[in-house]
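>>> Quick one, fold the following:
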Amino acid sequence: MSEQEAAERPGAFRKVWRFFFGQKKDKPIPETAAPTVPVEYPTLLERRYSTTSLVAPAEGGLFEFSVDYELIWSASVPTQAKLTSMVDEFADSAEHKLRTAIWPVGRRKSPFRPDEAERTMNEALRELAPNWCYGQGNTVSCRAQVFVRCDPRIVERWLPAWQRMAEMDAEHKVSLLRLDIVGDLLPRWRDLLDRFDGDPAAVQAARLVDEDLAKVLASLSQQRRTTAEHLVGVLGGAAHAHRHVGLFEFANAYDKALRSFERQAGLEKFALGTNLDGEEVETTA
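I've put the predicted structure just below:
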């Protein structure tokens, strides 16, 4: 018998022990369960809009603000239907919390400034947002935004004034636009009239182009002719008066000035029996 077999063979005492108490078995090694990983669901959103406007009293308590709102719900849940059921459960509580938040804000704001009331209410709601959580386990959170309108009685009272202000604003813009157009066109019309003023043919040609332009050119021509005739009369009268008293040197000077002015103004046509428009007229001595 080898030494190894002798070591493995049980002795008499061990045989007796095993006979009465049985052979000791090794304890089974417990199987270790795999660690559980929590399931992460995506964050879903649902928006709910007010079907009936809330009412918040304005400063003084005589007028009210009409408040529409939007509630934005969010939760990490497996389905949209689950989120919808949670929203249905807590919607009334959220609306009550919303009304409680905006009520004191409205009392501090003028009924004529719904814009200020809306801004301050939304600021108060943003400060309250961390506390808008509901449910156990699957927590759903909510945030709100409000839209404020003025009391209908104020709108009815001040609507004519606001309409007039809108009309005045529109008239102001039209006036500024008209000034811009005039500022652009006036220099161009002035250059055009300078080119054709005093030309009898231009008056007739303008009638073929633009009736308003023809009227303006005719008016300018008439004014120029009237002024020229008046100045011719003054110069002629001065020459005649100086010649009558024997101041022939002065009379000749006035006569030269008269002839020079007639040439510059194109008044020589009067001697031919025509006016500046080219129409035949009777000449006077």
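>>> where along the stretch 51-200 of the chain do the helices fall?
In the stretch 51-200 of the chain, the segments counted as helices under DSSP state H, counting those that start in this stretch are 80-107, 114-128, 152-196, 200-209.
>>> By mean pLDDT, point me to the weakest helix or strand of the chain.
Across the helices and strands of the chain, mean pLDDT, DSSP states H and E gives its lowest value to helix 3-8, namely a mean of 50.
>>> Cys142 is nearest to which of the helices of the stretch 51-200 of the chain?
helix 80-107 (5.1 Å; C-beta to C-beta). From N, CA and C alone the C-beta is placed, and that goes for glycine too.
>>> Buried residues of the closest one, list them for me.
By neighbour count on 16 or more other C-beta atoms under 10 Å, the buried set for helix 80-107 is Leu83, Met86, Val87, Phe90, Ala94, Glu95, Lys97, Leu98, Ala101, Ile102, Val105, Gly106.
>>> Pull the contacting residues for the first one.
Just to be clear, that refers to Leu83. Contacts for Leu83 were tallied using C-beta atoms under 8 Å, 6 or more residues apart in numbering; they are Leu44, Glu46, Trp73, Ala75, Val77, Val140.
>>> ok, 10 Å please
Contact analysis of Leu83 by C-beta atoms under 10 Å, 6 or more residues apart in numbering lists Thr43, Leu44, Leu45, Glu46, Trp73, Ser74, Ala75, Ser76, Val77, Asn138, Val140.
>>> any idea how far the first one is from Asp184?
Which is Thr43. Using C-beta to C-beta, to the nearest Å, one obtains 59 Å as the distance from Thr43 to Asp184.
>>> Which single strand of this structure contains the most residues?
Taking DSSP state E as the criterion, the chain has its longest strand at strand 64-76.
>>> Give me the sheet partners of that one and which way each runs.
strand 43-49 (antiparallel), strand 54-57 (antiparallel), strand 140-149 (antiparallel) (DSSP bridges).
>>> and the ones you listed as CSV, adding mean pLDDT, mean neighbour count and distance to Pro114?
Shown next, in CSV, are the strands paired with strand 64-76 (pLDDT from 0 to 100; neighbours: other C-beta atoms under 10 Å; distance: least, C-beta to C-beta, whole Å):
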stretch, mean pLDDT, mean neighbour count, distance to Pro114
strand 43-49, 92, 13, 19
strand 54-57, 94, 18, 10
strand 140-149, 93, 20, 4
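>>> any chance of the ones you listed in JSON lines, plus distance to Glu171?
Listed next are the strands paired with strand 64-76 as JSON lines, based on distance: least, C-beta to C-beta, whole Å:
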{"stretch": "strand 43-49", "distance to Glu171": "39"}
{"stretch": "strand 54-57", "distance to Glu171": "37"}
{"stretch": "strand 140-149", "distance to Glu171": "28"}
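>>> picking up where we left off before, TSV for the helices of the stretch 51-200 of the chain, including distance to Arg259 and mean pLDDT?
Formatted as TSV, the helices of the stretch 51-200 of the chain follow (distance: least, C-beta to C-beta, whole Å; pLDDT from 0 to 100):
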stretch	distance to Arg259	mean pLDDT
helix 80-107	90	92
helix 114-128	78	93
helix 152-196	25	83
helix 200-209	21	64
